[in-house]
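Asker: Okay, structure incoming, though there's no sequence with it:
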Ligand SMILES: O=C([C@H](O)CO)[C@H](O)[C@H](O)COP(=O)(O)O
């Protein structure tokens, strides 16, 4: 790459950061302005759950794993679906699911199983009327593009990028609110962090 091309690339990436942060800002503004109580309901459902299972495919699942760690730091009993140590979900448990489309086959089938045994579904999705959304006790509707909304009207980013970033933001926000409400200090949470890393 010559010097001119490198400079152009740097400018293009800087512009992209601006686009991405502006899109995230719009999602956050919409969530804060929303008249429903789904964010608070989500926090309350997680805080009262005997066990929390987290589930998502691809990048949605990767983003949600960050929330799983934070809920573990809070002292919740958390399992990542698909890990070999993840046990059976049962009545009263909460299945926290992130799916932008709400139609991903394995995710919907797992949510149906969880619903069938009496677990509560907490869904993060762009599509409240999707098969996943219809199973959910609480749905946080994220005004982002689903992975196949390729027209670029809701987001200029590729595929479900904005949704997946929003999953991280919402997960960290729920954690932060629960942490503040718990009264625990950061020092009290820290001994739960992995000591084998
Ligand atoms: O990996 C994904 C990404 O958007 C592809 O660019 C999705 O998160 C994955 O395919 C799961 O999709 P959703 O269930 O619709 O979030």
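Answerer: Done, it's in. Owing to the predicted nature of the structure, the values given are computational and were not obtained by experimental measurement.
Asker: Tally up the residues packed near the residue of the chain found nearest the ligand, please.
Answerer: In the chain, no residue comes nearer to the ligand than residue 58, which is 2.2 Å away by CB to the nearest ligand atom. Yep, even glycine has a C-beta here, placed from its N, CA and C like the rest. Residue 58 is flanked by 16 other residues according to other CB atoms under 10 Å.
Asker: how about low-confidence regions in the protein?
Answerer: Scanning the chain for pLDDT under 70 picks out 1, 4.
Asker: now the helices: where do they sit in it?
Answerer: Remark: helices assigned in the chain by DSSP state H are 3-33, 38-48, 58-74, 105-116, 131-135, 161-182, 186-189.
Asker: Could you list the residues of the protein in contact with the ligand?
Answerer: Along the chain, the residues adjacent to the ligand under the rule CB under 6 Å from any ligand atom are 57-60, 99-101, 104, 107, 146-147, 159-160, 164.
Asker: farthest-separated two in those residues?
Answerer: The two members of those with the most space between them (CB to CB) are 107 and 159, at 15.9 Å.
Asker: So for those two, which residue has more residues nearby?
Answerer: Between residue 107 and residue 159, residue 107 has the larger neighbour count (other CB under 10 Å), namely 25 against 17.
Asker: which residue packs closest to the more buried one, ignoring adjacent ones?
Answerer: Excluding its sequence neighbours, the residue lying closest to residue 107 (CB to CB, 6 or more residues apart in numbering) is residue 99, at 4.8 Å.
Asker: Dihedrals phi and psi, the one you found?
Answerer: Reported as degrees, to the nearest 10, the phi and psi values for residue 99 are phi -150, psi 110.
Asker: Tell me who's in contact with it.
Answerer: For residue 99, the contact set (CB atoms under 8 Å, 6 or more residues apart in numbering) comprises 56-57, 60, 107-108, 123-125, 130, 132.
Asker: Just the buried residues of those.
Answerer: Among the contacts of residue 99, those that count as buried by neighbour count (16 or more other CB atoms under 10 Å) are 56-57, 60, 107-108, 123-125, 130, 132.
Asker: Just send those residues back as JSON lines, with distance to residue 152 too.
Answerer: Output for those, formatted as JSON lines (distance: CB to CB, whole Å):
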{"residue": "56", "distance to residue 152": "23"}
{"residue": "57", "distance to residue 152": "23"}
{"residue": "60", "distance to residue 152": "20"}
{"residue": "107", "distance to residue 152": "24"}
{"residue": "108", "distance to residue 152": "26"}
{"residue": "123", "distance to residue 152": "25"}
{"residue": "124", "distance to residue 152": "22"}
{"residue": "125", "distance to residue 152": "20"}
{"residue": "130", "distance to residue 152": "21"}
{"residue": "132", "distance to residue 152": "24"}
